[in-house]
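# got a predicted structure plus its sequence, pasted below:
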Amino acid sequence: TFLRELDLGQNTLNGTLPTQVSNLTKLRILDLERNGISGTLPQQIVNLEQLESLNLNKNDLVGNIPEDIDKLTFLRELDLGQNTLNGTLPTQVGNLTNLDNLVFQNNDFSSLIPSELGNLRNIDNIDLGDNEFKGPIPSELASLPQLKCLLLAGNRLTSTIPEEFGMAPKLTDLEVNNNLLSSTIKSDSDICSSEIDRFVVDFNIVCECRSCILGE
């Protein structure tokens, strides 16, 4: 088939995502957001090697992301938010270097945030909020040259907020509220003197920086 775009978003589709979708080898856009699609993300999805946008936001998907997701080398958007995906976020996601939008918000991921996400040189938005991610925030994320929005609220992240984010070239929105972070940010911190417009840190740390937006 020569189908390049399949948009069935915001319907009442249910059942599992058929493995036969992998036969649409010319597909560039697959949008099934806001349906009732259940079951796991089929392994065969990685055979859609021309895919540029995969949007399955707000469905009922469970299970893991295929570890060879990096076969989708042309992906610019990967939105699997608001499902019940769990387990480990594959490090291979960091090989999707054409990504500009990555959304896994509101799932049940419980792994570390892979430092390999620091390889996403074209990424503009990363939303990993409202999961169970643990461990430190990778400092590698602060070096992403195009990153504007980093949303990590509502996880179980620990340790400190890397000072390197104060040097992030384009970052304007950093949300780390509702975690288990444990340091104090001084008013002379690089983060507080950076170009970040929105810095949300409430419900985990003591902050002395007046420019931080707390609870908004």
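Received, thanks.
# for the protein, which spans come out with low pLDDT?
1, 183-194, 204-216 (pLDDT under 70).
# can you do 90?
Along the chain, the model assigns pLDDT under 90 to residues 1, 160-161, 163, 166-169, 182-216.
# so how far is N35 from N47?
22 Å (CB to CB, to the nearest Å). From N, CA and C alone the C-beta is placed, and that goes for glycine too.
# one more: R4?
21 Å.
# what does G63 give?
Relative to N35, and taking CB to CB, G63 is found at 17 Å.
# which one's more surrounded, the two?
N35 (20 against 14; other CB atoms under 10 Å).
# please name the residues that touch E67.
Shown in contact with E67 (CB atoms under 8 Å, 6 or more residues apart in numbering): 90, 92.
# how about it, secondary structure?
Look at E67: counting by DSSP: H, G, I helix; E, B strand; the rest coil, its state is coil.
# tell me how far it lies from E140.
20 Å.
# partners of the one helix or strand G15 maps to in the sheet?
Assessed by DSSP states H and E, G15 sits inside strand 14-16. Strand pairing for strand 14-16, determined by DSSP bridges: strand 36-40 (parallel).
# output the strand it pairs with as PDB, restricted to C-alpha atoms.
Extracted as PDB, the C-alpha positions of strand 36-40 are listed here (Å, rounded to 0.1, in the frame of the first residue of the first chain):
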ATOM      1  CA  GLY A  36      -9.900   3.200  23.600                       C
ATOM      2  CA  ILE A  37      -7.200   1.200  22.100                       C
ATOM      3  CA  SER A  38      -5.900  -1.400  24.600                       C
ATOM      4  CA  GLY A  39      -3.300  -4.100  24.800                       C
ATOM      5  CA  THR A  40       0.400  -3.700  24.100                       C
END
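# can you name the element that comes right after that strand?
Moving toward the C-terminus from strand 36-40, the next helix or strand (DSSP H and E) is strand 53-55.
# list the contacts of that following strand.
Outside strand 53-55, the residues that reach it (CB under 8 Å, 6+ apart) are 9, 28-33, 45, 48, 72, 75-80.
# just the residues you listed: which are in helices?
Secondary structure defined by DSSP state H assigns none of these to helices.
# nearest to T158, of those?
L80 (24.6 Å; CB to CB).
# what's near enough to touch the closest one?
Here L80 is in contact with 41, 54, 56-57, 61, 65, 103-104, 107 (CB under 8 Å, 6+ apart).
# can we see that at 10 Å?
Going by CB atoms under 10 Å, 6 or more residues apart in numbering, L80 touches 33, 41, 54-59, 61, 65, 102-107, 109.
# ok, now A153?
105, 127-131, 174-179, 200-204.
# which entries within the contacts of L80 meet the buried criterion?
33, 41, 54-59, 61, 65, 102-107, 109 (16 or more other CB atoms under 10 Å).
# of those residues, which belong to strands?
54-55, 61, 102-103, 109 (DSSP state E).
# among those, which pair sits farthest apart?
Among those, N55 and F109 lie farthest apart (CB to CB), at 18.0 Å.
# next structured bit after the helix or strand where I126 lies?
Element membership for I126 (DSSP H and E) is strand 125-127. For strand 125-127, the following helix or strand on the C-terminal side (DSSP H and E) is strand 134-135.
# list the buried residues for whatever helix or strand comes next after that following strand?
The helix or strand immediately downstream of strand 134-135 is strand 149-151, counting by DSSP H and E. Buried residues in strand 149-151, counting neighbours by 16+ other CB under 10 Å, are found at 149-151.
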